[in-house]
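S.K.: Kindly generate the corresponding structure for this input.
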Amino acid sequence: MTLSHAVMPTKTLADRALMVVGGSLFIALAAQVSVPMLPVPMTLQTLAILIVGFSLGARMGLAAMLAYLAEGAAGMPVFANGGSTAAFFGPTAGFLLGFVAMVAIAGYAADRGVKGFAGTALVGVLASAVIYVPGLAYPALVMGKAVPDLLAGWMMPFLAGDLLKTLLAALMVSGAWAALARRNA
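M.R.: Next comes the predicted model:
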């Protein structure tokens with residue numbers, strides 16, 4: 001059971017659609033909280049993606065992520081620093097694809113009952129690591145960037161922030177579950 005199901009056990013199609021749109025907008029807002037770094041900024045996107053996946057589950061989390069990507073592809077300024085369509089052809093393109101895997105992993109874990117801090121944090125670390133596969137593969141294959149340069153400049157500076165965002169997501173999600181348990185007790 002996911003957080004969304006625990007809060008709203010019965011959902012109409014309209015309720016689900018609102019959750020999906022709300023999830024995509026939450027990710028879009030988090031993407032605008034940005035710390036300038038090169039070659040890509042550090043944003044709160046991954047924090048929001050983990051929260052959406054852990055809260056909505058795999059199916060609705062994926063729907064929210066695909067809606068977010070569709071919004072950007074349609075030209076809406078939802079990506080980091082108000083980016084949109086061009087982001088699919090720039091250095092962040094691989095990370096955008098990695099976000100789909102990230103939300104799927106978090107959502108799958110939520111669907112399987114992962115609720116506590118430790119389990120959520122471990123899944124979050126795995127999901128955060130997975131985004132680096134397409135995130136680094138794209139500039140290596142398409143832009144001709146060298147792997148050592150990618151590791152040094154495109155991954156290492158972001159690892160501490162990703163770990164912090166993962167721990168924050170785990171605290172928020174496990175805290176929400178604890179609050180629900182207290183409310184229902």
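
S.K.: Every contact and neighbour count from this point should use C-alpha atoms.
M.R.: Noted.

S.K.: Strands along this structure, start to end?
M.R.: 34-35, 42-43 (DSSP state E).

S.K.: which of those strands is buried the deepest?
M.R.: Highest mean neighbour count of those: strand 42-43, a mean of 22 (counted as mean count of other Cα atoms under 10 Å).

S.K.: That strand: how far from the chain's middle?
M.R.: Centre-to-centre, strand 42-43 and its host chain are 12 Å apart (Cα atoms, centre = their mean, to the nearest Å).

S.K.: Describe which strands that strand pairs with in its sheet and in which direction.
M.R.: Applying DSSP bridges, strand 42-43 is found paired with strand 34-35 (antiparallel).

S.K.: what's the average pLDDT for the partner strand?
M.R.: For strand 34-35, the mean pLDDT works out to 84.

S.K.: Go ahead and name everything in contact with that strand.
M.R.: Strand 34-35 is contacted by residues P41, M42, T43, L44, A80, N81 when judged by Cα atoms under 8 Å, 6 or more residues apart in numbering.

S.K.: contacting residues around the spatially most central residue of the chain?
M.R.: Nearest residue to the geometric centre of the chain (Cα atoms, centre = their mean): I49, 2.1 Å. If you count contacts by Cα under 8 Å, 6+ apart, I49 has them with I27, M65, F99, M102, V103.

S.K.: Quick one: neighbours of V7, just the number.
M.R.: Neighbour count of V7, defined by other Cα atoms under 10 Å: 11.

S.K.: actually T12, sorry about that
M.R.: 9.

S.K.: Ramachandran angles for it?
M.R.: Per-residue torsions, T12: phi -80, psi 170 (degrees, to the nearest 10).

S.K.: what's the spacing between it and L18?
M.R.: 10 Å (Cα to Cα, to the nearest Å).
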